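A.B. asks: coords below, sequence missing:
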């Protein structure tokens, strides 16, 4: 095990330069979670960029065509991460976004953060272990959620009911925000339905309704009839009140609309895991509404959404549990060592003669063995053909 590398904040660089360094780091195809979609087309490094990156620990000053060891390991994680955790934090006047690329148990620790600043420059911080990531969560979430009240609430809602409830909340908040209504003023069902249809699929950090299309993978909103029926169902359960002028927020709904704290604060995150079957994406959106309640949206059973209020401690603990990598130093080589081969016949089942390496038949009686056990290079992990003395990938002696 190599010594633990210090956590380094690398100098910002243009997107095209980072894309170029990533392409140069690995010739073969990158993993499905590599960040090329955020970077655009690569471009060779300009002389001034080479000088700046050499001075900041990205490039080797003695050979600027090579990256330094620590930054090279960060690139390896970015090229083929096992987990990507995207965090977005916002207040009334600012917002921030952080992408964490995690190697999982493959490398044994060492997450990499990739952030884009207002000038379009990308910043990399690496390596981070699980404690660093939890600290990051607490630091950013504290301002947004520390002063949230807690009113226990949890509901598994079908899509139409979830859309109707969040639409009623966001519609009421929009009217309070622009000064056209008070928090408990009713709104006609037609206005709420039109609001839902208009905002469906539009990205907005401070509106719960805009999270539903991604959360449920539903590109089109429920029908008008389903939404109107859902509004009546919400009223029957005490979340809205039916009046001659429409539906008015009451109870927890009114608290989520306004209680003297209008500014939207909160946090949104997306958790993407690469497994044997492809990519598994779990979205969760946490909103500190104007009413001082942290409302959490998450996947539920098929066709339903889980909505519940959470506290800061609960939120951080749950996010920390999702981090699937150990808090340990990086391995000398960022390549997984293969699992031990499954047990195979080591002696002939007929005569007991020891099996020679790579043999498929017993040299004494000719009985066939099972398939030879797989072999891998201890230096680079490349699969080896039976009888190979030197790795064809790195030249390391294998016997």
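C.D. replies: Everything's here; your move. The structure presented is a predicted model; accordingly, all values stated were derived computationally and were not measured.

A.B. asks: Name the residues of the helix ranked longest in the chain that come out as buried.
C.D. replies: The helix spanning the most residues in the chain, taking DSSP state H as the definition, is helix 159-177. When neighbours are counted by 16 or more other C-beta atoms under 10 Å, the buried residues of helix 159-177 are found to be 159-173, 175-176. (Glycine included, C-beta is placed from N, CA and C.)

A.B. asks: list the helices and strands that helix packs on?
C.D. replies: Counting contacts by 3 or more C-beta pairs under 8 Å, 6 or more residues apart in numbering; DSSP states H and E, the secondary-structure elements packed against helix 159-177 are helix 189-199, helix 212-216, helix 224-236, strand 246-249, helix 251-257, strand 304-310.

A.B. asks: same for the last one, what does it pack against?
C.D. replies: With contacts defined as 3+ C-beta pairs under 8 Å, 6+ apart, the packing partners of strand 304-310 are strand 154-158, helix 159-177, helix 212-216, strand 294-299.

A.B. asks: same check, this time on the fourth one
C.D. replies: If you count contacts as 3+ C-beta pairs under 8 Å, 6+ apart, strand 246-249 packs onto helix 159-177, helix 189-199, helix 224-236, strand 240-243.

A.B. asks: Just send these back as TSV, with distance to residue 297 too.
C.D. replies: Formatted as TSV, those follow (distance: least, C-beta to C-beta, whole Å):
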stretch	distance to residue 297
helix 159-177	8
helix 189-199	15
helix 224-236	16
strand 240-243	19
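
A.B. asks: Ok, which of these comes nearest residue 23?
C.D. replies: Shortest distance between residue 23 and the helices and strands packed on strand 246-249, using C-beta to C-beta, is found for helix 189-199: 38.7 Å.

A.B. asks: Mean confidence (pLDDT) on that closest one, please.
C.D. replies: Across helix 189-199, the average pLDDT comes to 95.

A.B. asks: can you pull the buried residues of that helix?
C.D. replies: For helix 189-199, by 16+ other C-beta under 10 Å, it's 189, 191-193, 195-197, 199.

A.B. asks: now, among the residues you listed, which is nearest to residue 246?
C.D. replies: Checking those against residue 246 by C-beta to C-beta gives residue 189 as the nearest, at 6.1 Å.

A.B. asks: show me what contacts the closest one?
C.D. replies: Contact analysis of residue 189 by C-beta atoms under 8 Å, 6 or more residues apart in numbering lists 227-228, 231, 246-247.

A.B. asks: Tabulate these (a markdown table), appending neighbour count and pLDDT.
C.D. replies: What follows is the contacts of residue 189, written out as a markdown table (neighbours: other C-beta atoms under 10 Å; pLDDT from 0 to 100):
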| residue | neighbour count | pLDDT |
| --- | --- | --- |
| 227 | 23 | 97 |
| 228 | 18 | 96 |
| 231 | 25 | 97 |
| 246 | 18 | 96 |
| 247 | 26 | 97 |
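
A.B. asks: Could you identify the most distant pair in those residues?
C.D. replies: The widest separation within these (C-beta to C-beta) is 13.3 Å, between 227 and 246.

A.B. asks: Would you verify that residue 29 is located in a strand?
C.D. replies: No - counting by DSSP: H, G, I helix; E, B strand; the rest coil, residue 29 falls outside a strand, being coil.

A.B. asks: Against residue 87, how distant is it?
C.D. replies: With distances taken as C-beta to C-beta, to the nearest Å, residue 29 is found 27 Å from residue 87.

A.B. asks: In terms of neighbours, single out the busier of the two.
C.D. replies: More neighbours sit around residue 87 than around the other of residue 29 and residue 87, counting by other C-beta atoms under 10 Å; the figures are 21 against 9.

A.B. asks: That one sits in which helix or strand?
C.D. replies: Here residue 87 is covered by strand 83-90, with elements defined by DSSP states H and E.

A.B. asks: Give me the secondary structure label for residue 100.
C.D. replies: When the structure is split into helix, strand and coil by three-state DSSP, residue 100 lands in strand.

A.B. asks: how deep is the closest residue to residue 219 other than its chain neighbours tucked in, by neighbour count?
C.D. replies: If you skip the residues right next to it in sequence, residue 219 has residue 213 as its closest partner in space, 6.3 Å away by C-beta to C-beta, 6 or more residues apart in numbering. Taking other C-beta under 10 Å as the criterion, the count of residues near residue 213 is 19.

A.B. asks: Residue 213 reaches residue 196, doesn't it?
C.D. replies: No - contact status for residue 213 versus residue 196: not in contact, 11.0 Å apart, counting by C-beta atoms under 8 Å.
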